[in-house]
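**Q** kindly return the folded structure for what I paste below:
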Amino acid sequence: MDQLTIIYGAGNAQLPATEDDYGGVVVEMKEHMDSDVFHALLKTSMLQWKLQGKKGVWIKLPIDLVNLVETAVKEGFSYHHAEPKYLMLAHWLAETTNTLPVNASHIARVGAIVLNDKQEILVVQEKIGILQGVWKISTGILEQGEDIHVGVVREVKEETGIVTEFVEVLAFSQKHDVFFGKSEVLFLCMMRPLSFDIQIQDSEIEAAKWMPLEEYAAQTCAQEQSLREQITKLCRTKLGRGCTGFTPTDVYWRRSFLSWKTPYLQHFQVPLGIEEKSDIRSTTPLPG
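**A** This is a model prediction of the structure:
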C-alpha cells in the first residue's frame, strides 16, 4: 500500500491513512488519542474521503484504544472482525452497493492418515470432546498463515510424537455451523511415518497406537462412522495404488490489501503421468 498524505491547511488535520487496492482507505491507529479529538478528526477525514470518491474505510484499533470504538460506531462504522490484539471496524462511504469483503467464513482443519508397512493406521483417543473413547485419526485446526502440508505434520507430532512426511491431499469434506456459525473444511492428508515410537500429548490425548486398518474400520461409533468409512475406503484404494492425491507447489500471488507481506497461493496438483483409477475423487461430499 502507498502512504496517503493529505494536508488541507491549518485546522483541517486528518487521521493518517493508507490507500487500499480497491478505492478505499485504511486507518491504523497506534498512538493514544482522546475520543473527542478522534471524533473531530474522523468527521473531517470522512468528509474529505467522500469528496475524493473513496469507497470503503477500515479502522484498525489495537486493544488499548478500545475507548475509540463507541465514537467510530456512532459515525456509522460496524464491527468487521476481531483478533486477540485488535478490532477492525469498517464503513462504506460510496452511494453504491457495499462490496467490502466479509469476515472469514471458514475454518481449515487437517486430518492425518498415517499408514505403516504393516497396514496399520496411527490413531488416537482424545481426552475431551464428544469422541472420547473412540479411536480416530489425528486432526487439528491450521494456524494462521500455516500451509496445509506443514500444519498436518505439526498436528501428528504434537499429538503422538510421530514424525511424518506429507505425501498428498487425498480428499476434503465440508460442513457448516461448526464454530460460532463458521463453516469448516477438513483436508484428509496421506502421511508417511518417519518414526514409530509413540509419545502422546498428555494435555489433550488419552491414548495413541498403531491399529490394524480392519480393526479401525470395524469400530461401531455412529458419530464417526461415515467419515471412518470414507477414510478406510481411501486407505484401501491407496494401498491398491488405485488413486493419487494432490501435492503442493508455490505459485506467486499478488499482495493482499491489508498486509505488507507477499503471499503465495498454495496450489495442489495431481502428479503427471498417473491415471485416475478410482471414484474416490468424485464430487460427492464426505460426511463429517
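**Q** would you mind measuring from F246 to G133?
**A** 33 Å (Cβ to Cβ, to the nearest Å). To be clear about C-beta, it is placed using only N, CA and C from the backbone, and glycine gets the same treatment.
**Q** those two: who's more crowded?
**A** F246 (19 against 9; other Cβ atoms under 10 Å).
**Q** relative to I137, how far out is that one?
**A** 18 Å.
**Q** cool, Q14 as well?
**A** Q14 is 54 Å from I137, by Cβ to Cβ.
**Q** between the two, which one's more packed in?
**A** Each of Q14 and I137 has its neighbours counted (other Cβ under 10 Å); I137 has more, 24 against 19.
**Q** isn't that one right next to L122, touching?
**A** Yes: I137 is within contact range of L122, at 7.2 Å (criterion: Cβ atoms under 8 Å).
**Q** between those two, which contacts overlap?
**A** Common contacts of I137 and L122, defined by Cβ atoms under 8 Å, 6 or more residues apart in numbering, comprise A112, V114.
**Q** quick one, what contacts the residue nearest to M190 when sequence neighbours are not counted?
**A** The spatial neighbour of M190 that comes closest, neighbours along the chain excluded (Cβ to Cβ, 6 or more residues apart in numbering), is V167 at 4.3 Å. For V167, the contacting residues are C189, M190, M191, R192, G245, T247, by Cβ under 8 Å, 6+ apart.
**Q** list of residues touching stretch 76-96?
**A** By Cβ under 8 Å, 6+ apart, stretch 76-96 touches 46, 49-50, 53-63, 66, 69, 72-73, 75, 98-100, 103-104.
**Q** with stretch 143-161 instead?
**A** Counting by Cβ under 8 Å, 6+ apart, 108, 110-112, 114, 122, 124, 138-140, 142, 162-166, 169, 187, 189, 191, 195, 197-201, 204-205, 208, 248, 266, 268 sit against stretch 143-161.
**Q** how about it as PDB, C-alpha atoms only?
**A** Output of stretch 143-161 as PDB, limited to C-alpha atoms (Å, rounded to 0.1, in the frame of the first residue of the first chain):
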ATOM      1  CA  GLU A 143      -2.800 -21.900  12.500                       C
ATOM      2  CA  GLN A 144      -3.000 -18.500  10.800                       C
ATOM      3  CA  GLY A 145      -0.600 -18.400   7.800                       C
ATOM      4  CA  GLU A 146       0.200 -22.100   8.100                       C
ATOM      5  CA  ASP A 147       0.300 -24.300   4.900                       C
ATOM      6  CA  ILE A 148      -1.800 -27.500   4.800                       C
ATOM      7  CA  HIS A 149       1.200 -29.800   4.400                       C
ATOM      8  CA  VAL A 150       3.100 -28.100   7.200                       C
ATOM      9  CA  GLY A 151       0.100 -28.000   9.700                       C
ATOM     10  CA  VAL A 152      -0.700 -31.700   9.300                       C
ATOM     11  CA  VAL A 153       2.900 -32.700  10.100                       C
ATOM     12  CA  ARG A 154       2.800 -30.400  13.200                       C
ATOM     13  CA  GLU A 155      -0.500 -31.900  14.400                       C
ATOM     14  CA  VAL A 156       0.700 -35.500  14.200                       C
ATOM     15  CA  LYS A 157       3.900 -34.600  16.000                       C
ATOM     16  CA  GLU A 158       2.100 -32.700  18.800                       C
ATOM     17  CA  GLU A 159      -0.500 -35.400  19.500                       C
ATOM     18  CA  THR A 160       1.600 -38.600  19.000                       C
ATOM     19  CA  GLY A 161       5.300 -37.700  18.900                       C
END
